[in-house]
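Asker: structure for the following, please:
(2 chains)
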Amino acid sequence: MPILAIFARVFRGEALLESLSRPIVIEALRLSAITTTTTLLLAIAIGTPLAYLLSRRRFPGKAIVDSFVELPMVLPPAVAGIGLLMAFGRRGIIGEPLAALGITIGFTTAAVVLAEFFVAAPFYVRSARSAFDAVDQELEIVSRTLGVSDWATFWRVTVPVAFPTLLGGAVMCWARALGEFGATIMFAGSFPGRTQTMPLAIYAALESDLDAALVLSAILTVVSFGVLVLLRLSVARLEARHA
Amino acid sequence: MLEVQIKKRYDGFTLDVTFASSADIVVLMGPSGSGKTQTLRAVAGAVRPDSGSIVLDGAPLFEARSRLDLPPQARRVGYVPQHYALFPHLDVAANVAYGLKEARSSETQDRIRSMILTVGLTGMERRRPHELSGGQQQRVALARALILNPRILLLDEPFAALDAPIRDALRGELIDLQRRLGFRALLVTHDPDDIRLGGQCFHFEHGRVVAPDRSVRQRSPFIHP
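Answerer: Modelled structure (predicted):
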């Protein structure tokens, strides 16, 4: 019903196309595209080896590491925001020494990426981990006995076999980053063109420019729906290929 | 000559295995959980024993004393696990070619073609593993291992996943392949019928070799008419 309500309003208003070209909308679109893409790339780059390690190695305290990795998924966004401020804010544990070097993170685009990464990356890590868990380790052993290095085995066997689930995790991570609101507004603020991503722009526009808020909401809905459909289709196709 | 003398402690189970054989086909026979698969995996390099040594033709693959533990890549063994572990994302030809370098050269392509012909899978090059029967999957796994001329072929319950009628046929095929290509094989099984493969058999129980068999059996004539 809420989704229908958005579209009912969007289709009724003549201001639809006009509001699409407003700076607040364009800036938010651009910023969300940049930050979510960066977040996703970071999550893949850092999350993939981490997930593989968690899947394949046994070490003391692994259960605790596991829980820490997944904690941001269940943490209230406000807590995440405070945590990020305490760590990377100007008075934060890491933020203060950085500020001494002339580097500030809080209320910059980098802060947006950090907030998105903090809340969204665990979605990728969790999927990637279960993806690697599901890869029959005999495949990797056979690959090694065939003279292929561990590194090449990872790329030629583990990743391709795990790919459908990795893809699903990447999409969930990206979608979560796209919708990130609470931690971002606390840690990065809501500055148009710099930290005001789509959800923040919706919130900012709600009082002054309902049309813009509606258009942004409609775009987010369509994109989210499209992503889910695309994901279903491609995962089904990939799995059919492997079955 | 394959000489295995290894110990490995697990939770509630100790593997303590000693055997040596220079037979073409060495059979490790025993009930499930008797340690034969772990022994095979130790030879493959997938399991690291706590102590002992594994020596193939005088060259150690593993030697606890000198801390030598060749990685699977350096052992030149052909490993065929129980469910064959074919790469599900690759077709038959790519599975067979997997361990070859320069897989695109025409010489290598000839080798792949001839190996696929040897195992009787010509015409199925583009099929994926899930489109093959159990017997066909096994032939792909054999071809994938044999194309690299391994020093020894390691087979884990090669016939257990197959229906009884084709088991005998495939035993015959394995013997036939072995004679044509001249490889050696270490084979793990719980099926007493596999003794018909000939060679030398060691009986496993509770992680030990209980009946070292000194006789080298003649192959049963029943297998290859």
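Asker: is it true that B:Ser22 touches B:Leu2?
Answerer: Yes - with contacts counted by Cβ atoms under 8 Å, B:Ser22 reaches B:Leu2, the gap being 7.5 Å. (Each C-beta comes from the backbone N, C-alpha and C, glycine too.)
Asker: so B:Leu186, which state does it fall into?
Answerer: strand (DSSP: H, G, I helix; E, B strand; the rest coil).
Asker: dump the residue contacts of B:Val27.
Answerer: Neighbouring residues of B:Val27 by Cβ atoms under 8 Å, 6 or more residues apart in numbering or on different chains: B:Leu187, B:Val188, B:Thr189, B:Asp194, B:Ile195, B:Leu197, B:Gly199, B:Gln200, B:Cys201, B:Phe202.
Asker: of B:Ser22 and B:Leu2, who's got more company?
Answerer: Legend: neighbour count by other Cβ atoms under 10 Å in any protein chain shown for B:Ser22 and B:Leu2, higher for B:Leu2 (19 against 12).
Asker: partner residues bridging that one?
Answerer: Under DSSP bridges, the beta-bridge partners of B:Leu2 are B:Ser21, B:Leu56.
Asker: hang on, it packs against B:Leu154?
Answerer: No - between B:Leu2 and B:Leu154 there is no contact, the gap being 10.3 Å when judged by Cβ under 8 Å.
Asker: and chain B, which of its residues are near chain A?
Answerer: Taking Cβ under 8 Å from any Cβ of the partner chain as the test, the list of chain B residues beside chain A reads B:41, B:44-46, B:71-73, B:75-79, B:81, B:83, B:85, B:87-89, B:98-99, B:128, B:130, B:144-145, B:148.
Asker: can you show me the strands along chain A?
Answerer: Secondary structure of chain A (DSSP state E): no strands located.
Asker: tell me the residues of it that contact chain B?
Answerer: A:136, A:138-139, A:141-149, A:156-157, A:160-161, A:163, A:241-243.
Asker: follow-up on the earlier one: of the contacts of B:Val27, just say which sits nearest to A:Phe187.
Answerer: B:Val188 (57.7 Å; Cβ to Cβ).
Asker: give me the common contacts of B:Leu2 and B:Leu154.
Answerer: With Cβ under 8 Å, 6+ apart, B:Leu2 and B:Leu154 have common neighbours B:Val43, B:Leu186.
Asker: could you identify the longest helix within chain B?
Answerer: Criterion DSSP state H: the longest helix present in chain B is helix B:164-181.
Asker: which strands and helices sit next to that helix?
Answerer: helix B:106-118, helix B:134-146 (3 or more Cβ pairs under 8 Å, 6 or more residues apart in numbering or on different chains; DSSP states H and E).
Asker: right, and those - which one's nearest B:Gly33?
Answerer: helix B:134-146 (23.4 Å).
Asker: between helix B:164-181 and the helix or strand that the closest one is followed by, find me the angle.
Answerer: As assigned by DSSP states H and E, the chain's next helix or strand after helix B:134-146 is strand B:152-156. Taking axes from the mean of the first three to the mean of the last three Cα atoms, to 10 degrees, one finds strand B:152-156 and helix B:164-181 inclined to each other by 170 degrees.
Asker: which residues are in contact with strand B:152-156?
Answerer: Contacts of strand B:152-156 (Cβ under 8 Å, 6+ apart): B:2, B:37, B:40-41, B:43-44, B:56, B:77-82, B:142, B:145-146, B:183-188.
Asker: highest average neighbour count across the helices and strands packed on helix B:164-181?
Answerer: helix B:134-146 (a mean of 23; mean count of other Cβ atoms under 10 Å in any protein chain shown).
Asker: distance from it to the middle of the chain?
Answerer: 11 Å (Cα atoms, centre = their mean, to the nearest Å).
Asker: pLDDT averaged over that helix - what is it?
Answerer: The pLDDT scores in helix B:134-146 average 93.
Asker: I'd like to know which elements it is packed against.
Answerer: strand B:77-80, helix B:92-97, helix B:106-118, strand B:152-156, helix B:164-181.
Asker: show me what contacts whatever residue of chain A ends up closest to chain B?
Answerer: Residue nearest to chain B within chain A: A:Leu146 (3.1 Å; Cβ to the nearest Cβ). Counting by Cβ under 8 Å, 6+ apart, A:Leu146 touches B:Tyr98, B:Gly99, B:Arg144, B:Ala145, B:Leu148.
Asker: quick one: contacts for the fourth one?
Answerer: By Cβ under 8 Å, 6+ apart, the residues touching B:Ala145 are A:Thr145, A:Leu146, B:Gly78, B:Tyr79, B:Val80, B:Leu153.
Asker: just among the residues you listed, which is most surrounded?
Answerer: B:Tyr79 (29 neighbours).
Asker: pretty sure that residue is touching A:Val142, no?
Answerer: Yes - B:Tyr79 is in contact with A:Val142 according to Cβ under 8 Å; the separation is 5.7 Å.
Asker: if we can go back for a sec, any chance of a PyMOL selection covering the buried ones in the residues of chain B next to chain A?
Answerer: Only the buried entries of the residues of chain B next to chain A go into this PyMOL selection, using 16 or more other Cβ atoms under 10 Å in any protein chain shown:
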select buried, chain B and resi 41+44+45+46+72+73+75+76+77+78+79+81+83+85+87+88+89+98+99+128+144+145+148
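Asker: ok, now which ones touch residue 65?
Answerer: In the absence of a named chain, this looks at chain A. Neighbours of A:Val65 in contact, by Cβ under 8 Å, 6+ apart: A:Leu54.
Asker: that's the wrong chain, I wanted chain B
Answerer: Here B:Arg65 is in contact with B:Ser53 (Cβ under 8 Å, 6+ apart).
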